[in-house]
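quick check, what structure comes out for this input:
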Amino acid sequence: MKNIVINILKKYKWYFLISTIFVMLNMYFATYPSMIVGWIIDLLYNIEENKEQILLNIVYLLLAAFGLLFLRMPWRSLVTFLARSFEKELKNKLFEQFLKIKMTSLQNIKNGQIMSYFTQDVSEIRQFYYRAISYLTRIIATFLIVTYAMIRGTNIKLTFMALSPIIITAFVVIKLRKYVEQNFKKAQKHFTSLSEYVQESTDSIRTTKAYSGEKHQLKEFIRKNKALKESNIAVELHSTLISTSIKICFGLCYAISLIYGSKLVLDGEITIGDFTAFNGYIGLFVGPVEWMPRINCKI
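Purely as a prediction, here's the structure:
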């Protein structure tokens, strides 16, 4: 399976490169709205004298918004194309391998397992690579480009102080993610077991009815279904803890920004426009931090 995946990725390597370029451009232009809003706020102190400059900046703001729209559309289309093409190629290769399996080996593989491979397993692999393509490149681009914009446009000390909770939260997320992965693997195992049981029960329904085994079949189904439910609940529980940690993290980021940033404004080290732009930059980190635990697990 690993070699199959690598070969498919090699086939679409140029598409990956183009997608990465679009992501970098997208994140670069994403910093402009906050920066332009900051410029406008600084110009509002003297509206009469700065009227033309304010109007010009509003035009720039609209152009930046349209630029983001036109950059995002082809990028999203390309990422979706890559994910679905990957899924198609993987299913084709998997089916080819399935046809090559010897009869003696087929006897040890249950129908439920085969269906699980072609449905849930392939879907999970596709989603994993979709997240890797979509999220990982955006996370790297955001941390590089936006952090640089914050340092260049505002204050280096404010930048590192305001972003410090993100580093702490990253360790918490990594710790909680292990529990998500463990419970998700259990959920997959229980899902496969339930699929196999339903397949076998369907195939042998006449025999079950002939020997009045409905009650036993129902009890076994309920037991397997309950195990699957408990595993999925555990996944959701730890996923919720991750989401809550991220929300607390950004609450702290904005609190630090508000307290220390206000002091810098009062001391004249930065303008109110710079301070406003800085808080806009923090907002750009929300998505990437939320995506971090999703790269290699289902959340």
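
just confirm Glu269 contacts Ile156, I think it does.
No: Glu269 lies out of contact with Ile156 (CB atoms under 8 Å); the separation is 11.2 Å. C-beta: built from backbone N, CA, C; applies to glycine.

looking at those two, which one has more neighbours?
Between Glu269 and Ile156, Glu269 has the larger neighbour count (other CB atoms under 10 Å), namely 14 against 11.

for the more buried one, what are its contacts?
Neighbour list for Glu269: Asn155 [criterion: CB atoms under 8 Å, 6 or more residues apart in numbering].

mind checking the SS state of it?
Under DSSP: H, G, I helix; E, B strand; the rest coil, the three-state class of Glu269 is coil.

what sits up against stretch 19-34?
Residues outside stretch 19-34 that contact it (CB under 8 Å, 6+ apart) are 60-61, 64-65, 67-68, 71-72, 74-75, 78-79, 82, 133, 137-138, 141-142, 145-146, 149, 276-281, 283-284.

now the buried members of those residues.
With neighbours counted by 16 or more other CB atoms under 10 Å, these contain buried members at 60-61, 64, 67-68, 71-72, 75, 78-79, 82, 133, 137-138, 141-142, 145-146, 149, 276-281, 284.

in helices, which of those appear?
Counting by DSSP state H, the buried ones among the contacts of stretch 19-34 place 60-61, 64, 67-68, 71-72, 75, 78-79, 82, 137-138, 141-142, 145-146, 149, 276-281, 284 in helices.

tell me which stretches of the stretch 101-250 of the chain form strands.
Listed in chain order, the strands of the stretch 101-250 of the chain (DSSP state E, counting those that start in this stretch) amount to none at all.

low pLDDT regions in it?
For the stretch 101-250 of the chain, residues meeting the criterion pLDDT under 70 lie at 101-126, 203-213.

contacting residues for the closest residue to Thr169 other than its chain neighbours?
Spatial nearest neighbour of Thr169, chain neighbours left out: Cys249 (3.8 Å); criterion: CB to CB, 6 or more residues apart in numbering. Residues near Cys249 by CB under 8 Å, 6+ apart: Pro165, Ile166, Ile168, Thr169, Val289.

how about 7 Å then?
Pro165, Ile166, Thr169, Val289 (CB atoms under 7 Å, 6 or more residues apart in numbering).

so how do I select the buried members of those in PyMOL?
Remark: buried members of those, expressed as a PyMOL selection using 16+ other CB under 10 Å:
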select buried, resi 165+166+169+289
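
narrow the contacts of Cys249 to those in helices?
Judged by DSSP H, the subset of those located in helices is Pro165, Ile166, Thr169, Val289.

pretty sure the third one contacts Ser245?
Same thing as Thr169. Yes: Thr169 lies in contact with Ser245 (CB atoms under 7 Å); the separation is 5.6 Å.

run a quick neighbour tally on Ser243.
The tally of other residues near Ser243 (other CB under 10 Å) stands at 15.

tell me the spacing between it and Leu61.
Per CB to CB, to the nearest Å, Ser243 is found 31 Å from Leu61.

now Ala277
Using CB to CB, we find Ala277 at a distance of 12 Å from Leu61.

ditto for Gly38
Distance, Gly38 to Leu61, by CB to CB: 11 Å.

same question, Leu17
31 Å.

still on that earlier bit, got the ones in helices among the contacts of Cys249 as JSON lines, with distance to Glu87 columns?
What follows is the ones in helices among the contacts of Cys249, written out as JSON lines (distance: CB to CB, whole Å):
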{"residue": "Pro165", "distance to Glu87": "37"}
{"residue": "Ile166", "distance to Glu87": "33"}
{"residue": "Thr169", "distance to Glu87": "32"}
{"residue": "Val289", "distance to Glu87": "28"}
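
pick the one among these closest to Lys186.
When the ones in helices among the contacts of Cys249 are compared for distance to Lys186 (CB to CB), Thr169 wins out at 25.9 Å.

which residues touch that closest one?
Going by CB under 7 Å, 6+ apart, Thr169 touches Ser245, Ile246, Cys249, Val289.

was I right about the first one contacting Phe171?
What that stands for is Ser245. No: with contacts counted by CB under 7 Å, Ser245 stays clear of Phe171, the gap being 10.1 Å.

for these two, indicate the residue with more neighbours.
Between Ser245 and Phe171, counting by other CB under 10 Å, Ser245 is the more crowded of the two (19 against 9).

number of nearby residues for the closest residue to that one other than its chain neighbours?
Nearest non-adjacent residue to Ser245, counting by CB to CB, 6+ apart: Val172, 5.0 Å away. Val172 is flanked by 15 other residues according to other CB under 10 Å.
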